[in-house]
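Chemist: Quick one: sequence plus predicted model below, questions after.
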Amino acid sequence: MNELAKAVAQFRVLRHNTGGKLRDTMRTILLVAAGALFLTAPVPAEELTWFGNAGGGSASLVYGTPDSDYALLSFSCESGNSRLSFAYEFEPLNKENPLEVILQVGDTQVSIPTKAEHLEAMDVHLLIGETTLDYQLSSLLTSTGTLHVFVEDGSAEYPLEGAAEAAKDLLATCKP
């Protein structure tokens with residue numbers, strides 16, 4: 001079980017034990033899980049791939065290296081909930097204000113509000129946000145071609161080869 005799946009399982013136990021007072025607890029768990037995912041050194045692009053995980057009432061879609069805890073992009077949710085947690089490894093120029101991450105494939109575009117987080121112990125910069133798994137995001141994640149990610153004045157491109165297959169568990173679990 002990867003670190004993200006472990007963190008989601010811990011979150012579900014804490015949600016039950018805290019009687020719903022989870023905002024701070026959820027943020028802490030998300031940061032720990034995201035930090036674990038992004039802990040390893042950068043990986044050559046040819047080793048990055050789309051992969052999905054499901055189990056314990058949660059699912060995730062990750063662009064990274066399987067079995068290494070390295071993830072460049074990740075989406076995760078709990079069963080039956082269309083709210084997705086989103087994390088993207090990126091060091092923004094503007095670390096104080098909320099940032100918009102725009103995901104685009106062809107004419108399909110999804111905007112995700114994020115906040116910059118710096119995990120000092122691991123020296124990892126992340127943009128963390130939440131979005132809804134709707135028809136538009138589902139279409140984007142199951143598209144072919146290239147995913148364009150825009151943040152501030154920068155952009156990056158990631159191949160979507162294998163993303164549709166890897167997204168199946170996320171789409172089935174999160175019910176868009």
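Modeler: Ah, there it is.
Chemist: what about this structure, any weak spots by pLDDT?
Modeler: Scanning the chain for pLDDT under 70 picks out the ranges 1-46, 176.
Chemist: Would you map the helices across it?
Modeler: Ranges of helices in the chain, per DSSP state H, are 3-18, 23-37, 135-141, 163-166, 168-174.
Chemist: Name the single longest strand found in this structure.
Modeler: Under DSSP state E, the strand in the chain containing the largest number of residues is strand 108-119.
Chemist: residues near Thr49, how many?
Modeler: Using other CB atoms under 10 Å, Thr49 has 15 neighbouring residues. In short, each C-beta sits where N, CA and C put it, glycine included.
Chemist: tell me the contacts of it?
Modeler: Counting by CB atoms under 8 Å, 6 or more residues apart in numbering, Thr49 makes contact with Tyr63, Gly64, Thr65, Pro66, Gly162, Ala166.
Chemist: is it true that the last one touches Leu61?
Modeler: So that's Ala166. Yes. Here Ala166 reaches Leu61: they are 5.8 Å apart, a contact under CB atoms under 8 Å.
Chemist: Can you pull up the most central residue in this protein?
Modeler: For the chain, Ser74 is the residue whose C-alpha lies nearest the centre (CA atoms, centre = their mean; 2.3 Å).
Chemist: Tell me how far it lies from Leu103.
Modeler: Separation of Ser74 from Leu103 (CB to CB, to the nearest Å): 13 Å.
Chemist: what sits in contact with each of the two?
Modeler: Residues touching both Ser74 and Leu103 by CB under 8 Å, 6+ apart: none at all.
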